[in-house]
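Enquirer: Quick one: sequence plus predicted model below, questions after.
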Amino acid sequence: MRWTQTLLTTLRDAPAEAEIASHQLLLRAGLARKLTSGLYTFLPLGLRALRKVERIVREEMDRAGGLEILMPALQPPDLWEKSGRIQAAEDVLFHVKDHQDRRWILGPTHEEVVTSLVAGEVQSYRQLPRTLYQIQTKYRDEIRPRFGLMRAREFIMKDAYSFDTDETAAKKSYGAMVGAYRRIFERVGLDALQVEADTGVMGGASSHEFCVVAEIGEGELVTEEGGTYAAAIEKAEGKPAERSGVGGIMEKFPTPGIRTIADLEKKHGVLAQDQVKTLVFTNGKETILVLVRGDDEAQETKVGKVLGAGFRAAVDTEIKEAMGASPGSLGAVASTLAGKKVTVVADFALRGQTGMTTGANDNGFHFKGVDVERDLKIDTWADVRKVRQGDLSSGARSST
C-alpha cells in the first residue's frame, strides 16, 4: 500500500493530555486517537500491533489447553443478582436500558455468563476439566481514566475460566495458566513479577497479579530482598518491628489535650510502637473497633474483608455516642467497654504485646502498662495492618 493511501498521521509534539511516555508515543506515532476520556480508536498501525499481541496470547492459551469462545458483552442483571456480586461491583458497572425499559449490564467480566453456559453444556464430571477463554471488549466505569490505554472505560481483555472436579485439579489448571502468562510476558518483552494479590470483587481463595514495575504505577507492591516473596500492598503480610514491652500493672494517667499518636509521643514520651491505635467503624447499627499498633496503619482492603460490606469510618458524633469519649482518648480496655455494644478486632501484631498505652475512653486520660491479651476486649484477631517500607527489607514499589 502507498503511503498516501494509508491513514497515518504523526505528531511532532506530545498532546498536553498525555502525561506519561507510553501515552505520548502512542499518539505521536499515530497508533491511536482519543475519542473522549477513556475511549480510543486504534488506527491501522496500532491495530496491527494489537493483533500481534492477541496472536501471542491465543497461541499460549491454546498451548495451555484453553478453548476459545466468544460471549456477549451485554449481560442480564439477574445473573449478577444471583451471584450476589451486583452490589459489590456497582461502582464499575455500566447499566443500559432497551426500548422495552429492560435493564442490561455492559460486561466488565464474564464469570456469571460462563458459569451459566457451562451449567447448560456440561452434564457430567467426566467432561471436566475444561478451560474456556475469550478475547473481548470489556466495559468498566472508571472514575478517573488515565494514562491512555492503561486505564480506560473500554478495553480489550483476555479472560479465562477453568472448571474442575476438585481443588487438586483446579490448582493444576491454575498452574497451566501461570505458565501461559509467563510465556506471554516473555514473548512480548516485559519483565513481569508474579505477586500475591487480593481477590477483590472476583472473590476466591487465591489470586496473583503479574506486575511490571514502573514509575507511573498507581498500585504498590512489596518484595523481599534476596527472597521470592512478592505481594500487592493490600495483600502483603510483613513482620512487625520488634519491640521490648515491659509488663506490669495497668494504670490510668492524665493526658489532657492529646488527640493523636504523635501528640502522646511528643508530650508524654510514649513511642508510637508502644501505643494501641483505636479506629472506629460503623454501619449505622453496629460499632466495631479496629486495633493496630501506633506505628502501623490499617489497610483498607484488609479491614473491609474482616468487616464486610456496609461499614465505614465513624464520624466524631457517632464515636462520642458509641464510646462516650472523643478521638484521642479511645481504647478497648475491657472494663471501659462494659455496657457498650461494640466488637473489637485486633491486628496480629498486637498479640502478646505488653507494656502498651491506649486510650481510657475518658477524655483526657490513657492507660499505661497494658497487657493486650490480659486487659483488652478482643473478639477477633485478624491481619489488618498495612505493610510499610522496611517490613520486607525492600520497601513498597510502584507497579502497573
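Expert: Looks like it came in fine. Numbers count the residues shown, from 1 in each chain.
Enquirer: Give me the distance from stretch 104-120 to the chain's centre.
Expert: 23 Å (CA atoms, centre = their mean, to the nearest Å).
Enquirer: Now do the end-to-end distance for that stretch.
Expert: 21 Å (CA to CA, to the nearest Å).
Enquirer: Next: stretch 284-298.
Expert: 21 Å.
Enquirer: Sort out which residues of that stretch are buried, please.
Expert: Using 16 or more other CB atoms under 10 Å as the test for burial, stretch 284-298 gives 287, 288, 289, 290, 291, 292, 293, 294, 295, 296, 298. To be clear about C-beta, it is placed using only N, CA and C from the backbone, and glycine gets the same treatment.
Enquirer: among the residues you listed, which are in helices?
Expert: When the buried residues of stretch 284-298 are checked against helices (DSSP state H), there are no matches.
Enquirer: In those residues, find the pair that's most separated.
Expert: In the buried residues of stretch 284-298, two members sit farther apart than any others by CB to CB. They are 287 and 295, at 24.8 Å.
Enquirer: what's the closest of the buried residues of stretch 284-298 to residue 47?
Expert: Of the buried residues of stretch 284-298, the one sitting nearest to residue 47 (CB to CB) turns out to be residue 298, at 45.4 Å.
Enquirer: Hmm, that closest one is touching residue 290, no?
Expert: Yes. Using CB atoms under 8 Å, residue 298 is in contact with residue 290, at 5.7 Å.
Enquirer: Spell out which residues are contacts of both of those two.
Expert: Here residue 298 and residue 290 share the contacting residues 279, 347, 384, scored by CB atoms under 8 Å, 6 or more residues apart in numbering.
Enquirer: Name the member of those residues with the most neighbours.
Expert: Of all these, residue 384 has the most neighbours under the rule other CB atoms under 10 Å, reaching 27 neighbours.
Enquirer: give me phi/psi at that residue?
Expert: phi -120, psi 0 (degrees, to the nearest 10).
Enquirer: wait, what's in contact with it?
Expert: By CB under 8 Å, 6+ apart, residue 384 lies in contact with 290, 292, 298, 299, 302, 303, 306, 345, 347.
Enquirer: so the last one bridges to which residues?
Expert: This points to residue 347. Counting by DSSP bridges, residue 347 is bridged to residue 382.
Enquirer: per-residue pLDDT, it?
Expert: pLDDT for residue 347: 93.
Enquirer: pretty sure it is touching residue 380, no?
Expert: No. Taking contacts as CB under 8 Å, residue 347 lies outside contact range of residue 380: 10.3 Å.
Enquirer: so where's the stretch 101-250 of the chain shaky on pLDDT?
Expert: Applying pLDDT under 70 to the stretch 101-250 of the chain flags residues 198-206, 224-227, 238-242, 244.
Enquirer: For it, just list every one of the helices.
Expert: Assigned by DSSP state H, counting those that start in this stretch, the stretch 101-250 of the chain shows helices spanning 111-121, 167-188.
Enquirer: Can you lay out those as JSON lines showing mean neighbour count and distance to residue 211?
Expert: JSON lines is the format used below for the helices of the stretch 101-250 of the chain (neighbours: other CB atoms under 10 Å; distance: least, CB to CB, whole Å):
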{"stretch": "helix 111-121", "mean neighbour count": "15", "distance to residue 211": "22"}
{"stretch": "helix 167-188", "mean neighbour count": "15", "distance to residue 211": "10"}
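Enquirer: TSV for those helices, including distance to residue 337?
Expert: Formatted as TSV, those follow (distance: least, CB to CB, whole Å):
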stretch	distance to residue 337
helix 111-121	42
helix 167-188	41
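Enquirer: Residue 83: which of the ones you listed is closest?
Expert: Nearest of the helices of the stretch 101-250 of the chain (CB to CB): helix 111-121, 5.2 Å.
Enquirer: just checking, what packs against the closest one?
Expert: helix 77-83, strand 130-139, strand 154-163 (3 or more CB pairs under 8 Å, 6 or more residues apart in numbering; DSSP states H and E).
Enquirer: Tell me, how many residues neighbour residue 159?
Expert: Neighbour tally, residue 159, other CB under 10 Å: 16.
Enquirer: Quick one: residues contacting it.
Expert: Residue 159 sits next to 109, 110, 133, 134, 136, 138 when contact means CB under 8 Å, 6+ apart.
Enquirer: Pull up the distance across stretch 6-19, start to finish.
Expert: End-to-end distance for stretch 6-19, by CA to CA: 28 Å.
Enquirer: among the helices and strands packed on helix 111-121, which is nearest residue 359?
Expert: The nearest among the helices and strands packed on helix 111-121, by CB to CB, is helix 77-83 at 41.8 Å.
Enquirer: What lies in contact with the closest one?
Expert: Contacts to helix 77-83, defined as CB under 8 Å, 6+ apart, come from residues 86, 89, 93, 95, 103, 104, 105, 111, 112, 113, 115, 116.
Enquirer: And for stretch 162-172?
Expert: 118, 122, 125, 128, 129, 130, 131, 132, 173, 174, 177.
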